[in-house]
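Participant: give the three-dimensional model of this entry:
(chains A and B)
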Protein chains: 2
Amino acid sequence: MPAPNHRRIPGATVARLPVYQRILLELVRGGTTTVSSEQLAEMAGVNASKVRKDLSFLGSFGTRGSGYDPEYLLSQIDRELGLDGDWPIAIVGMGNLGRALANSPGFSSRGFRVAGLFDVEPSLVGRRVRGMCIHQLDDFEEMASSDPPRIGVIATPGATAQDVADRMVKAGVGSVLNFAPRVLTVPPHVLLRYVDLSIELQVMSFYLSRTDRRGSAEVSSPLPHVVGLGPSAPA
Amino acid sequence: MPAPNHRRIPGATVARLPVYQRILLELVRGGTTTVSSEQLAEMAGVNASKVRKDLSFLGSFGTRGSGYDPEYLLSQIDRELGLDGDWPIAIVGMGNLGRALANSPGFSSRGFRVAGLFDVEPSLVGRRVRGMCIHQLDDFEEMASSDPPRIGVIATPGATAQDVADRMVKAGVGSVLNFAPRVLTVPPHVLLRYVDLSIELQVMSFYLSRTDRRGSAEVSSPLPHVVGLGPSAPA
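Facilitator: Have a look, this model is predicted:
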């Protein structure tokens, strides 16, 4: 089934859709049957006009006066994000981070599925994480040919990340999510994104240091309270 | 020392500064002595005019023709981000995620310092991570009074995250970075931000599902290649 709207959605909107999705999911679970753009805006830490503009890319919902139906909006966002699909994920690097990712609910819900775990470390190979066996990295190609991962997640140290990316690309993985602290090179047809766990710390130190410099009273209004969940958007 | 510019910097710019910072750090390490806004733009996955606008908030650098001096620009960004400060961090929840965070280079560099590790699980208390002892959560207040953490990081399961946040706030922690999959409530003077490790997956599935629907040839140009490292900005 095609998406309702094939207009080009701005990257910043794409990055906010999962934020709205999280909020709507909580509202639906809590039994809320209608939500205004102002409420969504406050919970997402953006302004209401931005929420309305973002949601307008999904189609028309008739918000004036009546608000949005969280369940319907959720289904539209899920469809837009491709969460009605099947997204097998291969994670390479089963240290603390790889294990945390394999265990995180977001990696095994709403279309995502951890399909393979890999490491080079002999003491880790054969151990189980969330019921799945950790495989040798040398078995990556074989696994990729039987259940091809759509997304390859790199959770190795920086030094080995490029080798892992090369291996993923060679095995036909079309998108790479890199948690390793290293800039990677992949062919143009491969989607590459980075996650840096410490970037939010720096955003916080920015706001905190401004508070320090100016005194908290002066900064209390520009200080963002609840702001975006998760990573940044393209231009 | 005050920042060179006290204009209100847009949240989206704040969120991109750490991205530029990472890139500049790699350039400086590699011996690069000049970089154009176009080069920075390509590496950051944004357009050049956005780079120039973002950097204009830091002051004037005279980019026309000659490009930026990466080392100088880096020092300006570091100062703007408050990375010339001391940011002790307390991490609560020492499962795989908490341990990954404690071990991640970004949590122990450029002003950040892991000052305390806590868990409620008796089998974890007393164990060492990166040379630091894991403390009982009940010792949080005591530790906070001797070496007050500026940033409290929650890496617990969702169910206990609010309790931990309450405890942090009560102990005087002014900012909370929440990795737990739960929306939290804190007083207005506390800076609260969320990190969701799976949001990037959803951004990827968005682009991948569009590729599937339209065929890769048609989508190859809007598909972002290297895009933002890390989490999103406020409005």
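
Participant: tell me where the model's unsure across chain A.
Facilitator: For chain A, residues meeting the criterion pLDDT under 70 lie at A:1-7, A:60-65, A:212-235.

Participant: where do the helices sit along it?
Facilitator: A:11-29, A:37-44, A:48-56, A:70-80, A:96-103, A:140-146, A:158-170, A:199-214, A:216-219 (DSSP state H).

Participant: list the contacts of A:L201.
Facilitator: The contact partners of A:L201, taken as C-beta atoms under 8 Å, 6 or more residues apart in numbering or on different chains, are B:87, B:89, B:106-107, B:112, B:151, B:177. Every C-beta, even on glycine, is put in place using the N, C-alpha and C of the backbone.

Participant: which ones, among these, also lie beside chain A?
Facilitator: Among these, the ones lying close to chain A by the criterion of C-beta under 8 Å from any C-beta of the partner chain are B:87, B:89, B:106-107, B:112, B:151, B:177.

Participant: go through those and name the one nearest B:D119.
Facilitator: B:I89 (15.2 Å; C-beta to C-beta).

Participant: give me the number of residues near the nearest residue to that closest one once chain neighbours are set aside?
Facilitator: Residue nearest to B:I89 in three dimensions, not counting chain neighbours: B:I151, with 4.8 Å by C-beta to C-beta, 6 or more residues apart in numbering or on different chains. Residues near B:I151, counting by other C-beta atoms under 10 Å in any protein chain shown, number 25.

Participant: so how far is B:R113 from B:I151?
Facilitator: According to C-beta to C-beta, to the nearest Å, B:I151 stands 10 Å off from B:R113.

Participant: which residues do those two both contact?
Facilitator: By C-beta under 8 Å, 6+ apart, the residues touching both B:I151 and B:R113 are B:87-89.

Participant: filter these down to the ones in strands?
Facilitator: B:87-89 (DSSP state E).

Participant: next, format those as a markdown table and append neighbour count.
Facilitator: Shown next, in a markdown table, are those (neighbours: other C-beta atoms under 10 Å in any protein chain shown):
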| residue | neighbour count |
| --- | --- |
| B:W87 | 22 |
| B:P88 | 17 |
| B:I89 | 25 |
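
Participant: please name the nearest non-neighbouring residue to A:A90.
Facilitator: Closest to A:A90 by C-beta to C-beta, 6+ apart is A:P149, at 3.7 Å.

Participant: ok, now A:S175?
Facilitator: With sequence-adjacent residues excluded and distances taken as C-beta to C-beta, 6+ apart, A:S175 is closest to A:L191, at 3.9 Å.

Participant: ok, how many other residues are close to the one you found?
Facilitator: 23.

Participant: on that earlier part again, mind listing which of the ones next to chain A among the contacts of A:L201 are in strands?
Facilitator: B:87, B:89, B:112, B:151, B:177.

Participant: is it true that the second one touches B:S109?
Facilitator: No. With contact taken as C-beta atoms under 8 Å, B:I89 and B:S109 are classed as non-touching, separated by 11.7 Å.

Participant: just name the closest of the ones next to chain A among the contacts of A:L201 to chain A, please.
Facilitator: Taking C-beta to the nearest C-beta as the measure, chain A lies nearest B:G106 of the ones next to chain A among the contacts of A:L201, at 2.4 Å.

Participant: just checking, A:K50 touches A:L40?
Facilitator: No. Counting by C-beta under 8 Å, A:K50 does not reach A:L40; the two are 10.0 Å apart.

Participant: between these two, which has more neighbouring residues?
Facilitator: Using other C-beta under 10 Å as the criterion, A:K50 and A:L40 rank with A:L40 on top: 26 against 17.

Participant: quick check: nearest residue in space to that one, chain neighbours excluded?
Facilitator: A:V51 is the one closest to A:L40 (C-beta to C-beta, 6+ apart), at 4.9 Å.

Participant: go on, A:I77?
Facilitator: A:Q21 (4.8 Å).

Participant: and chain A, what are its domain boundaries?
Facilitator: Following the assignment in automatic domain parsing, chain A carries domains at A:11-80, A:87-194.

Participant: got the end-to-end distance for the first one?
Facilitator: I take that to be domain A:11-80. 13 Å (C-alpha to C-alpha, to the nearest Å).

Participant: please apply the same query to the longest one.
Facilitator: One end of domain A:87-194 to the other measures 18 Å (C-alpha to C-alpha).

Participant: so A:V19 sits right up against B:V195, yeah?
Facilitator: No. Here A:V19 lies out of contact with B:V195, judged by C-beta under 8 Å, at a distance of 11.7 Å.

Participant: am I right that the residue nearest to B:I89 is in contact with A:M204?
Facilitator: Yes. B:I151 is within contact range of A:M204, at 5.7 Å (criterion: C-beta under 8 Å).

Participant: find residues that contact each of those two.
Facilitator: B:175, B:177.

Participant: does A:Y207 really touch B:L192, like I thought?
Facilitator: No. Between A:Y207 and B:L192 there is no contact under C-beta under 8 Å: 10.9 Å.

Participant: need the overlap of contacts for those two.
Facilitator: B:S175.

Participant: next one: A:R8 from chain B, what distance?
Facilitator: Note on A:R8: its distance to chain B, by C-beta to the nearest C-beta, to the nearest Å, is 6 Å.

Participant: what count of nearby residues applies to that residue?
Facilitator: Using other C-beta under 10 Å: A:R8 sits among 10 other residues.

Participant: show me the contacts for the nearest residue to A:I154 once chain neighbours are set aside.
Facilitator: Leaving out its chain neighbours, the residue that sits closest to A:I154 by C-beta to C-beta, 6+ apart is A:N178, at 4.7 Å. A:N178 makes contact with A:154, A:161, A:165, A:184, A:192-195 under the criterion C-beta under 8 Å, 6+ apart.

Participant: buried residues, stretch A:39-53. List them.
Facilitator: Of the residues in stretch A:39-53, those with enough neighbours to count as buried (16 or more other C-beta atoms under 10 Å in any protein chain shown) are A:39-46, A:48, A:50-52.

Participant: identify the farthest-apart pair in those.
Facilitator: A:G45 and A:R52 (15.5 Å).

Participant: A:V125 contacts A:D119, correct?
Facilitator: Yes. Look at A:V125 against A:D119 with C-beta under 8 Å: they come within range, at 6.2 Å.

Participant: settle it for me: which of the two has more neighbours?
Facilitator: A:D119 (21 against 18).
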